[in-house]
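> pasting the sequence and the predicted model now:
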Amino acid sequence: MTIGWAGTALRGIRWYLREATGESAYDSYVAHARREHPDAPVLPRRDFERVRQDARASQTRARCC
């Protein structure tokens, strides 16, 4: 079964949106955790997002206001 150019374009758009919004970060984390630390428990998505948000909030940024 061939998908054609429309299917290829949709897959590319989906990939881009997941990367741009950070949605793929959890999938990357799970793959890394299972590969590099197979005996350690993997954080549930909710906890992962909380840790990620806390880390993002703690970064200092230069702001004009």
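Good, I have the coordinates.
> what's the closest non-adjacent residue to residue 43?
Excluding the flanking residues, the one nearest residue 43 by C-beta to C-beta, 6 or more residues apart in numbering is residue 51, at 7.1 Å. No exception for glycine: its C-beta is placed from N, CA and C like everyone else's.
> from residue 11, how far off is the one you found?
Shown here: residue 51 relative to residue 11, a distance of 30 Å by C-beta to C-beta, to the nearest Å.
> now the helices for this structure?
4-21, 24-36, 45-58 (DSSP state H).
> in a markdown table: the ones you listed, plus mean pLDDT and mean neighbour count.
What follows is these, written out as a markdown table (pLDDT from 0 to 100; neighbours: other C-beta atoms under 10 Å):
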| stretch | mean pLDDT | mean neighbour count |
| --- | --- | --- |
| helix 4-21 | 91 | 10 |
| helix 24-36 | 94 | 12 |
| helix 45-58 | 91 | 11 |
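> which residue sits closest to the residue most central in space within the chain, ignoring its sequence neighbours?
Centre of the chain computed as the mean C-alpha position; nearest residue by C-alpha atoms, centre = their mean is residue 25, 1.5 Å away. Distance criterion C-beta to C-beta, 6+ apart; nearest residue to residue 25, sequence neighbours excluded, is residue 52 at 6.7 Å.
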